[in-house]
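Engineer: Below is the sequence, then the predicted model.
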Amino acid sequence: MSQSLKDSEVSKYLNSLFSRAIAAADPAQYLAQHLPKPPRGRTLLVAAGKAAASMARATELAWPAGAPLSGTALTRYGHGMACERIEVIEAAHPVPDNRGHEAAQSLIKQVQELDVDDLLLCLISGGGSALLALPADGISLDDKKAINRALLMSGAPIGEMNTVRKHLSAIKGGRLAQAAAPAKILTLAISDVPFDDPSTIASGPTVPDPTSVADAVELLKRYDIELPESIRAHLEGGTCETPKPGDPAFDRSEFMMVSRPADMLDAMVMSCRADGHEVVSLGADIEGEASEVAFEHAAMALVGKNQLILSGGETTVTVEQDQPCGRGGRNCEYLLALAIALNSAPGIYALAADTDGIDGSEDNAGAVITPDTLSRAKAAGLDAKAMLDVHDAYTFFEKLGDLIVTGPTRTNVNDFRAIWVS
């Protein structure tokens with residue numbers, strides 16, 4: 001590495017990189033330049049996701065003072081912020097609750113009242129799938145929640161999870177666009193998914209859905225997910241197909257990606273090089289089982305020298321049915337597996353954290369590891385391998401004092417990982 005740091009400085013530097021990554025993804029930095037001119041009629045703003053409130057606030061600040069603007073921002077509990085013209089509603093994530101259900105019901109009614117001269121300004125970010133909780137007719141919220149929990153435990157990638165969610169919803173998978181016709185629709189999206197598929201971000205409420213009911217059924221079978229009778233009947237009824245490319249619902253709909261994980265990672269690569277470091281970027285689209293990705297990254301780090309390895313993406317954690325399960329999200333799981341694979345190799349430090357400030361469903365964004373992580377764990381009576389086996393990485397890092405706790409960041413461009421190799 002062209003510029004060295006003392007061992008005592010490395011963890012602090014990695015934490016500073018994560019702060020820079022969050023700042024690079026702040027909607028206040030870029031949203032205004034993508035906003036349209038006000039329409040002849042009124043503008044209804046619908047925002048959903050972990051960045052919904054900050055996107056709504058950035059819109060308010062840039063919107064012409066005399067132009068009509070109203071609407072709702074639906075975000076995760078704790079991720080709200082004060083807005084003047086937009087109502088901010090907080091609801092549950094990653095498993096939906098009644099508050100999200102009620103908000104989605106209200107949103108779809110408001111959208112249905114739009115006319116040809118009106119604009120639906122849809123601000124979408126990761127987390128919107130769980131927050132826009134409006135099950136299709138005949139499906140109860142409890143049944144939808146049960147499927148959601150099973151998908152979260154299955155290890156399915158986000159694209160596959162959302163294929164199922166779209167076909168059980170009355171608002172996702174392009175159905176919000178159907179409800180808004182004949183109004184003009186502009187969707188501004190922050191991507192939190194590998195490869196930035198618009199139909200996957202928040203399950204694509206305003207874009208065509210290329211997946212099918214048959215795809216959803218196949219995935220449910222593949223992951224051996226038990227179906228409540230209402231959902232089985234819905235999928236077999238032949239009436240739940242989502243609108244496809246070419247559907248008239250999208251004739252006046254425009255989609256624009258305003259921030260991507262790759263944008264954040266590119267900014268971080270440039271920033272680290274400006275600091276004088278040799279950087280290896282593995283890209284922003286990494287998927288796979290968190291522990292397996294960690295083993296691959298450990299192998300790279302062990303043969304590297306004087307470099308900073310950066311990556312993004314979204315890994316998964318598979319929990320087998322009836323398997324003991326502790327606490328921890330994908331980033332902590334990744335780091336615990338990485339520490340085990342590195343086996344206290346000198347000079348290697350790492351950070352992994354989610355840019356939304358929440359690693360899975362815990363109160364931390366992620367954690368850090370150091371060359372002495374395993375020795376400190378042993379001294380504290382912690383069995384790293386046993387805790388990885390039961391997915392208890394949160395407890396492991398909590399007891400070591402190595403969790404990263406930022407609180408809600410109000411943005412979401414997926415995970416940021418950095419491995420320092422001296």
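Structural biologist: All right, it came through fine. Numbers count the residues shown, from 1 in each chain.
Engineer: contact partners of stretch 316-323?
Structural biologist: 153-157, 224, 287-291, 325, 328-330, 333, 360, 390-391 (CB atoms under 8 Å, 6 or more residues apart in numbering). C-beta: built from backbone N, CA, C; applies to glycine.
Engineer: and it, which residues are buried?
Structural biologist: Buried residues in stretch 316-323, defined by neighbour count with 16 or more other CB atoms under 10 Å: Thr316, Val317.
Engineer: Stretch 235-246 now?
Structural biologist: Residues Leu235, Cys240, Thr242, Pro243 are the ones in stretch 235-246 that count as buried (16+ other CB under 10 Å).
Engineer: now swap in stretch 413-422 and tell me
Structural biologist: Going by neighbour count (16+ other CB under 10 Å), the buried part of stretch 413-422 is Val413, Asn414, Asp415, Phe416, Arg417, Ala418, Ile419, Trp420, Val421, Ser422.
Engineer: and the next element down the chain from whichever strand or helix holds Met387?
Structural biologist: Applying DSSP states H and E as the criterion places Met387 in helix 384-389. Using DSSP H and E, the helix or strand that follows helix 384-389 towards the C-terminus is helix 393-400.
Engineer: Does anything pack onto the helix or strand following that next one? Which helices or strands?
Structural biologist: Next along the chain after helix 393-400, taking DSSP H and E as the criterion, comes strand 403-404. Applying 3 or more CB pairs under 8 Å, 6 or more residues apart in numbering; DSSP states H and E, we find strand 403-404 packed against strand 366-369.
Engineer: Can you tell me which of the contacts of stretch 316-323 end up in strands?
Structural biologist: Among the contacts of stretch 316-323, no member falls in strands (DSSP state E).
Engineer: Would you write a ChimeraX line that selects the buried entries of these?
Structural biologist: To isolate the buried members of the contacts of stretch 316-323 in ChimeraX, using 16+ other CB under 10 Å:
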select :153,154,155,156,157,288,289,290,291,328,329,330,333,360,391
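Engineer: from the contacts of stretch 316-323, which ones fall inside helices?
Structural biologist: Using DSSP state H, the members of those that fall in helices are Met153, Ser154, Ala290, Ser291, Arg330, Glu333.
Engineer: Would you mind listing where the stretch 1-150 of the chain has pLDDT under the threshold?
Structural biologist: Residues of the stretch 1-150 of the chain meeting the criterion pLDDT under 70: 1-3.
Engineer: Just the CA atoms of the longest helix along the chain, as PDB, please.
Structural biologist: Ranked by number of residues, the top helix in the chain under DSSP H is helix 7-24. Extracted C-alpha coordinates of helix 7-24, given in PDB (Å, rounded to 0.1, in the frame of the first residue of the first chain):
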ATOM      1  CA  ASP A   7      -2.100  -0.800  13.300                       C
ATOM      2  CA  SER A   8      -4.000   1.400  15.800                       C
ATOM      3  CA  GLU A   9      -5.200   3.600  12.900                       C
ATOM      4  CA  VAL A  10      -6.600   1.000  10.500                       C
ATOM      5  CA  SER A  11     -10.000   0.300  12.100                       C
ATOM      6  CA  LYS A  12     -10.600   4.000  12.400                       C
ATOM      7  CA  TYR A  13      -9.700   4.500   8.800                       C
ATOM      8  CA  LEU A  14     -12.100   1.700   7.700                       C
ATOM      9  CA  ASN A  15     -14.900   3.300   9.700                       C
ATOM     10  CA  SER A  16     -14.200   6.600   8.000                       C
ATOM     11  CA  LEU A  17     -14.500   4.900   4.600                       C
ATOM     12  CA  PHE A  18     -18.000   3.700   5.600                       C
ATOM     13  CA  SER A  19     -19.000   7.200   6.500                       C
ATOM     14  CA  ARG A  20     -17.800   8.400   3.100                       C
ATOM     15  CA  ALA A  21     -19.800   5.600   1.400                       C
ATOM     16  CA  ILE A  22     -23.000   6.700   3.200                       C
ATOM     17  CA  ALA A  23     -22.400  10.400   2.300                       C
ATOM     18  CA  ALA A  24     -21.800   9.400  -1.400                       C
END
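Engineer: which non-adjacent residue is nearest Leu35?
Structural biologist: Nearest in space to Leu35, with sequence neighbours left out and distances taken as CB to CB, 6 or more residues apart in numbering, is Ala62 at 5.6 Å.
Engineer: hmm, I was thinking of Leu188
Structural biologist: Val258 (5.0 Å).
Engineer: where's the one you found relative to Glu60, distance?
Structural biologist: Going from Val258 to Glu60 by CB to CB, to the nearest Å gives 16 Å.
Engineer: cool, Asn343 as well?
Structural biologist: Distance from Asn343 to Glu60, by CB to CB: 52 Å.
Engineer: In terms of packing, which of the two has more residues around it?
Structural biologist: The residue with more neighbours, out of Asn343 and Glu60, is Glu60; 15 against 10, by other CB atoms under 10 Å.
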